[in-house]
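[1] With the sequence up front, the predicted model follows.
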Amino acid sequence: MHITDKVSLGDTRLNDSGYLEAFALTARTGIQQYLGAEVGRPDLKVVNVYRDEKEVFSKRSLDSFSKIPMTNDHPGQPVTAANWKQVAVGTTGDEVLRDGEYLKIGLKITDGDAVAAVQAGKRELSVGYSCELVWEDGEAPDGTKYQAKQTNIIADHIAIVQRGRAGSRASIGDSWPQHTPTPEERPMTLKTVTVDGIPVEVTDQGAVVIATLQGRLADAATKLTTTEAAHANAMAAKDSELAQKDAEIDDLKSKQITDAQIDARVKVRGDLIAKAKAIHDGDYSGKSDGEIRKAVVIAKIGDAAIAGKTDAYIDARFDLLLEDAAKDPVRQHLINQDGKPQNSHDNGQQAYEQRLNDAWKGGAK
């Protein structure tokens, strides 16, 4: 990919031939911001591109900055032997050095118009170079997020421009090495960034700060969304748990027995025990209704008669035995007398006499 990176010249002087000679700081490391259209991503407004110092200061990269053409603004295409006469206004020197995060290189501007433009204040530089752009999300050493990084950097030309991407430090100097421009003497480079939908002009440093803050805000928003989702899930789980407990409480309430139901059950139980005693006078305490019927049937007809029989069969036999018991007048009399005051010395005498009397009456007919 062929893109440009705006940097700057160092201190300058005119030689006897009218050529402008200077040292320039170029091609700094770190994060540079490009418009998406500049790097083949028109779908993105701004792209943070990371340039690792290992790439900038590699031998191949350094060699490519030696003896390349100087141009007055970018020619719009790589500089070759075919268009050199039309676009070149000077050349860089042999030696390329490292100066902190920048490359430092000597240059000579030989075109009169270009020299005049520099003297009039056109003092910043822009490097035209080719590189491989690797698209990946990452974080620079200073914490700034980036979306792509550059590798295999090869310089093509250096253009004199009004405003450079690398900042005002990368600019043409006002004098030869005896004087280094102070920050106040250097022109300020501004760039436009979008903050909450509003375009704002800031310095390179301000743009980096804004990009960093925007990245942190995006991270915070993501964490907030994740936290809110987790809270919503926890609340939903708690609501489900409470609903289940409410259902269990309602079920328990529905199973509670009222006083009227207790009275009804006591009556039914008492009636069953009375019927059982009418068939066979036994102890039926602690037995269920089914166990009472089975105990009565076994007492009357034995275990073998109901072996393997169903509960329905046993209930039917119980009912038949109850009918038979109802036909025994003596037993019914005893049952009817159950619970009434009895003469403890009678020993059944009265009942016996009643049977004789009834039998006599029957014979008298």
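    Looks like it arrived, so ask away. All values derive from a computational prediction rather than experimental measurement.
[2] Tell me which residues touch residue 296, please.
    Applying CB atoms under 8 Å, 6 or more residues apart in numbering, we find residue 296 in contact with 276, 279, 280, 282, 318, 321. C-beta here means a position set from N, CA and C on the backbone, and glycine is covered the same way.
[3] I'd guess it is in a strand, am I close?
    No. According to DSSP: H, G, I helix; E, B strand; the rest coil, residue 296 belongs to no strand; its state is helix.
[4] what separates it from residue 285, distance-wise?
    14 Å (CB to CB, to the nearest Å).
[5] Same check on residue 158?
    Counting by CB to CB, the gap from residue 158 to residue 285 is 113 Å.
[6] out of these two, which sits in the more crowded spot?
    More neighbours surround residue 158 than the other of residue 158 and residue 285, with 31 against 7 (other CB atoms under 10 Å).
[7] May I ask you to confirm that that one belongs to a strand?
    Yes. Counting by three-state DSSP, residue 158 falls inside a strand.
[8] wait, it sits on residue 68?
    Yes. With contact defined as CB atoms under 8 Å, residue 158 and residue 68 form a contacting pair (6.7 Å).
[9] any residues in contact with both of those two?
    Residues touching both residue 158 and residue 68 (CB under 8 Å, 6+ apart) are residue 92.
[10] if I look at the closest residue to residue 104 other than its chain neighbours, how far off is residue 319?
    The shortest distance from residue 104 to any non-neighbouring residue, by CB to CB, 6 or more residues apart in numbering, is to residue 97 (4.6 Å). Counting by CB to CB, the gap from residue 97 to residue 319 is 118 Å.
[11] got it, and residue 106?
    Distance from residue 106 to residue 319, counting by CB to CB: 124 Å.
[12] higher neighbour count, those two?
    residue 106 (17 against 11).
[13] give the contact list for that one.
    Taking CB under 8 Å, 6+ apart, we find residue 106 in contact with 21, 22, 23, 24, 92, 93, 94, 95.
[14] What is the nearest of the residues you listed to residue 215?
    When the contacts of residue 106 are ranked by distance to residue 215 (CB to CB), residue 24 comes first, at 31.7 Å.
[15] What helix or strand is the closest one located in?
    Element membership for residue 24, per DSSP states H and E: strand 20-26.
[16] Quick check: next helix or strand after that strand?
    Next along from strand 20-26, by DSSP H and E: strand 30-35.
[17] picking up where we left off before, does the residue nearest to residue 104 count as helix, strand or coil?
    Here residue 97 is recorded as strand under three-state DSSP.
[18] How many neighbouring residues does it have?
    Residue 97 has 12 neighbours, counted by other CB under 10 Å.
[19] Relative to residue 153, how far out is it?
    Residue 97 is 16 Å from residue 153, by CB to CB.
[20] Next: residue 83.
    Per CB to CB, residue 83 is found 22 Å from residue 153.
[21] just residue 245 next, same as before
    Distance, residue 245 to residue 153, using CB to CB: 67 Å.
[22] Using ChimeraX, define a selection of the buried residues within the contacts of residue 296.
    Burial among these is assessed by 16 or more other CB atoms under 10 Å; the matching ChimeraX selection reads:
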select :276,279,318,321
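[23] Which stretches in the stretch 51-200 of the chain count as strands?
    69-72, 88-99, 102-109, 124-139, 145-161, 190-195, 198-203 (DSSP state E, counting those that start in this stretch).
[24] A helix includes residue 43, no?
    No. Residue 43 is assigned coil when assessed by three-state DSSP, not a helix.
[25] Tell me who's in contact with the residue nearest to it when sequence neighbours are not counted.
    Leaving aside its sequence neighbours, residue 43 sits nearest to residue 36 (CB to CB, 6+ apart; 6.3 Å). By CB under 8 Å, 6+ apart, the residues touching residue 36 are 42, 43, 44, 45, 46, 47.
[26] for the chain, which helix is longest?
    helix 204-255 (DSSP state H).
[27] from the chain's centre, how far out does it sit?
    On the basis of CA atoms, centre = their mean, to the nearest Å, helix 204-255 sits 10 Å off its chain's mean C-alpha point.
[28] just stretch 74-94 next, same as before
    Computed by CA atoms, centre = their mean, the chain-centroid distance of stretch 74-94 equals 53 Å.
[29] How far does it stretch from one end to the other?
    Its start and end residues considered, stretch 74-94 measures 22 Å (CA to CA, to the nearest Å).
[30] Residues in contact with it: which ones?
    With contact meaning CB under 8 Å, 6+ apart, stretch 74-94 is reached by 2, 4, 19-20, 65-72, 105-111, 113-114, 126, 128, 130, 156-161.
[31] repeat that for 7 Å
    2, 4, 65-72, 105-111, 114, 126, 128, 156-159 (CB atoms under 7 Å, 6 or more residues apart in numbering).
[32] Using neighbour counts, trim these to the buried set.
    Applying 16+ other CB under 10 Å to the contacts of stretch 74-94, the neighbour count classes 4, 65, 68-72, 105-111, 114, 126, 128, 156-159 as buried.
[33] can you pull the pLDDT of the residue positioned nearest the centre of the chain?
    Nearest to the mean C-alpha position of the chain, counting by CA atoms, centre = their mean, stands residue 226 at 4.7 Å. On the pLDDT scale, residue 226 is placed at 91.
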